[in-house]
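>>> Here is my input; please provide its structure:
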Amino acid sequence: MLSRNLHLYTLASISVFILFTGRVLAQYPMINSNPTTRGLVTAGLDQVYDNQFSAAEVTFIQLEKLAPKHPAIDLLRGVCLYYQWFPARADVKLKQRCIQQLELAANKADGWQKTLNDRSATAQPEAMFLYFTAEAMLAKISHFEHEPFAAIGHAKNAYPYIQKGKTFQQQYPDFYLSTGLYNFYREVYPEIHPFYKTVAWVMVAGDKKLGMTQLQLATKQALFVRTEAILYLTHLLTDYENKPTDALPYLAQLVVTYPNNPYWRFKYAEALLNAHQLDAIPHQISQLESTPEIVYHQMGALLKARYALEKGQRSTAQTYAEEVVRSSVRDESVRAYAYLVLARVATLQGQQKQARQYYKQLLEFAEYPVLRNEAR
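Numbers count the residues shown, from 1 in each chain. Have a look, this model is predicted:
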């Protein structure tokens, strides 16, 4: 009898240990409130955005010692893998590793949230933010891969936290990014796509001007998404507002801050072309072509095509644009701009039927209004 009771007691003890240990493991220190961990997050992300991926992993290991098994570590590693996969988007194994890391971050952050039933808990916004960001990145990857159902699923998981995050903007400034994007897109998207006006009324109203202000705040105050906020702000200025000149100082800052990342140089050169500021373009092309990655040679070919067109060199522009179209580049906007160059060359040569065909192909790839308006 004593043996049986001891056995039952042992099983009960193990069960309690498992249940409560799981709960304890879901409690993490707040990274945002600790100057040391904040510094490591900033340093690690700066290394990621500068293509110093091995150095970033060393930094994340240091951070992990201060915050063991924290979902932020998984998110940061997911971001690191994402920027090794992007913008080429060709390495399937790398993409899968990135997805697994982001899913781990989302699951951990979700578990952490469930231990924080009190909305006044100081860790609440960090747990929410980490979950939201992981799901939002998973939605973005699914969108890139033309997996609409997966993208909708992740977006559905992330959406409630856009509204919840409004409460914590001042306390946790990273939420300025998601709130700013919501306020902008909520007003602009139904105007671009009238179909959505029929459903937009059920959503909380946005404020385009406020959204841009919130994005600017995120570029200065956010911890995790400061650079992402710059990327989104310049994207909206260039591709939605047709104000590339306003985007140039931000993009120039990225080129200086992260000199080892050709992607920022490409975005800067794009904005220069959109603003018809051509003097620096040959240097930017030369820098892109000095990198070993094929994707940047493809992007460089597009810049050559656009630059040649601006200079009135139709044949050269056509040659480079055709090179881009024939290439394996997966960036939809790069392909769209190549078709825009071909359409303009055809128009200048009086080939209206061919131009219409190129504009039609442009619309298959162009997502944003400034580029789509070129085909109308």
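>>> Now the spatially most central residue of the chain. Nearest residue, chain neighbours left out?
Nearest to the mean C-alpha position of the chain, by Cα atoms, centre = their mean, lies residue 228 at 6.1 Å. Leaving aside its sequence neighbours, residue 228 sits nearest to residue 177 (Cβ to Cβ, 6 or more residues apart in numbering; 6.5 Å). Every C-beta, even on glycine, is put in place using the N, C-alpha and C of the backbone.
>>> Sticking with the residue lying closest to residue 204 once chain neighbours are set aside, tell me its helix or strand.
The shortest distance from residue 204 to any non-neighbouring residue, by Cβ to Cβ, 6+ apart, is to residue 163 (6.5 Å). Using DSSP states H and E, residue 163 maps to helix 148-165.
>>> Any buried residues in the next helix or strand after that helix, and which?
Once helix 148-165 ends, the next helix or strand along the chain (criterion: DSSP H and E) is helix 175-192. Applying a neighbour-count criterion of 16 or more other Cβ atoms under 10 Å, the buried positions in helix 175-192 are 175-188, 190.
>>> Looking at helix 175-192 now, give me its mean pLDDT.
Mean pLDDT, computed over helix 175-192, is 92.
>>> and that helix with helix 148-165, angle?
120 degrees (axes from the mean of the first three to the mean of the last three Cα atoms, to 10 degrees).
>>> Can you spell out which helices and strands pack onto helix 175-192?
Helices and strands touching helix 175-192, as assessed by 3 or more Cβ pairs under 8 Å, 6 or more residues apart in numbering; DSSP states H and E, comprise helix 124-144, helix 148-165, helix 197-200, helix 208-221, helix 226-239.
>>> can you do 6 Å?
helix 148-165, helix 208-221 (3 or more Cβ pairs under 6 Å, 6 or more residues apart in numbering; DSSP states H and E).
>>> In a markdown table, list those helices along with mean neighbour count.
Converted to a markdown table, the helices and strands packed on helix 175-192 look like this (neighbours: other Cβ atoms under 10 Å):
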| stretch | mean neighbour count |
| --- | --- |
| helix 148-165 | 16 |
| helix 208-221 | 18 |
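>>> and the gap between residue 63 and residue 78?
From residue 63 across to residue 78, the span is 14 Å (Cβ to Cβ, to the nearest Å).
>>> and what of residue 47?
15 Å.
>>> For those two, work out which one has more neighbours and name it.
residue 78 (25 against 21; other Cβ atoms under 10 Å).
>>> Can you read off the pLDDT for that one?
So, for residue 78, pLDDT stands at 99.
>>> ok now do it, which residues does it touch?
The neighbours of residue 78, taking Cβ atoms under 6 Å, 6 or more residues apart in numbering as the test, are 98, 101, 102, 105.
>>> How confident is the prediction for the nearest residue to residue 143 once chain neighbours are set aside, by pLDDT?
Of all residues beyond its chain neighbours, the one nearest residue 143 is residue 151 (4.6 Å), with distances taken as Cβ to Cβ, 6+ apart. Per-residue confidence for residue 151 comes out at a pLDDT of 92.
>>> I'd like the distance between residue 151 and residue 206.
21 Å.
>>> surely the residue nearest to residue 228 meets residue 229?
Yes - the pair formed by residue 177 and residue 229 meets the contact definition of Cβ atoms under 6 Å, at 4.9 Å.
>>> overlap in contacts of the two?
Common contacts of residue 177 and residue 229, defined by Cβ under 6 Å, 6+ apart, comprise residue 218.
>>> Name the spans of this protein whose pLDDT lies under the cut-off.
Along the chain, the parts satisfying pLDDT under 70 run over 1-27, 117-120, 195-202.
>>> so how many other residues sit close to the closest residue to residue 164 other than its chain neighbours?
Spatial nearest neighbour of residue 164, excluding adjacent residues (Cβ to Cβ, 6+ apart): residue 128 at 6.0 Å. Residues near residue 128, counting by other Cβ under 10 Å, number 23.
>>> Which strand or helix spans residue 277?
Assigned by DSSP H and E, residue 277 falls within no helix or strand.
>>> What separation is there between it and residue 337?
Residue 277 is 17 Å from residue 337, where distance means Cβ to Cβ.
>>> out of the two, which sits in the busier spot?
residue 337 (26 against 14).
>>> residues near the nearest residue to that one once chain neighbours are set aside, how many?
Once flanking residues are discounted, residue 337 sits nearest to residue 302: 5.7 Å by Cβ to Cβ, 6+ apart. Around residue 302 there are 31 other residues, counting by other Cβ under 10 Å.
>>> Relative to residue 37, which of the helices and strands packed on helix 175-192 is closest?
helix 208-221 (17.0 Å; Cβ to Cβ).
>>> And the closest one, how far out from the chain middle?
Offset of helix 208-221 from its chain centre (Cα atoms, centre = their mean, to the nearest Å): 16 Å.
>>> what residues does that helix touch?
173, 176, 177, 179, 180, 183, 184, 187, 229, 230, 233.
>>> Tell me the spacing between residue 346 and residue 106.
47 Å.
>>> again, but for residue 289
Relative to residue 106, and taking Cβ to Cβ, residue 289 is found at 38 Å.
>>> Counting neighbours, go ahead and name the busier of the two.
Using other Cβ under 10 Å, the more surrounded residue of residue 289 and residue 106 is residue 106, with 26 against 15.
>>> Name all residues that make contact with residue 47.
55, 56.
>>> which parts of stretch 265-275 are buried?
Quick answer for stretch 265-275 (16+ other Cβ under 10 Å): 265, 266, 267, 268, 269, 270, 271, 272, 273, 274.
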